[in-house]
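K.L.:
whatever this is, show me its structure:
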Amino acid sequence: MTDVPLADAIEALRQQLTAAMLAGEKSPLRFTVEELTLELEVAVSYGGGGHAGIKFWLVDFGGKGEHSNAATHRIAMKLKPMDEHQQHINLGDTSALKPG
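P.N.:
Coordinates of the predicted model:
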């Protein structure tokens with residue numbers, strides 16, 4: 001099983017939303033994303049020694065790997081995607097992606 005850190009999963013979501021913005025740039029039909037609810041099954045593991053700390057990993061139900069000292073939890077996060085001006089994003093409006 002490949003461990004996927006929670007931060008990487010959120011970054012992948014960010015990249016997918018950016019791709020959706022680019023794909024909708026020339027479409028007459030656009031969507032405003034005001035809120036996303038992201039539900040994930042995660043394994044929470046605690047490590048000691050030189051890499052002490054708590055880490056959140058996405059659970060891969062198809063894998064055979066196991067986490068030692070890990071507990072599985074469901075988390076839900078409400079995300080409100082916004083551009084750098086604190087405006088809701090519009091899938092198709094790529095002006096927020098352009099510098100300047």
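
K.L.:
CA only for contacts and neighbour counts going forward, please
P.N.:
Fine.

K.L.:
remind me which residues of the protein are low pLDDT?
P.N.:
Residue ranges of the chain with pLDDT under 70: 1-3, 45-57, 59-71, 96, 99-100.

K.L.:
can you map out the strands along it?
P.N.:
With DSSP state E as the definition, the chain shows strands at residue ranges 4-5, 31-33, 36-47, 53-58, 70-79, 89-91.

K.L.:
what is the third one packed up against?
P.N.:
It stands for strand 36-47. When contacts are defined as 3 or more Cα pairs under 8 Å, 6 or more residues apart in numbering; DSSP states H and E, strand 36-47 sits against strand 53-58, strand 70-79.

K.L.:
which strands border it, and is each parallel or antiparallel?
P.N.:
strand 53-58 (antiparallel), strand 70-79 (antiparallel) (DSSP bridges).

K.L.:
give the contact list for A23.
P.N.:
Neighbour list for A23: G92 [criterion: Cα atoms under 8 Å, 6 or more residues apart in numbering].

K.L.:
in stretch 33-45, what's buried?
P.N.:
L40, E41, V42, A43, V44, S45 (16 or more other Cα atoms under 10 Å).

K.L.:
so what touches stretch 31-42?
P.N.:
Taking Cα under 8 Å, 6+ apart as the rule, stretch 31-42 contacts 56-59, 72-81, 88-92.

K.L.:
now do 6 Å
P.N.:
Identification of contacts with stretch 31-42 by Cα atoms under 6 Å, 6 or more residues apart in numbering yields 57-59, 72-80, 88-91.
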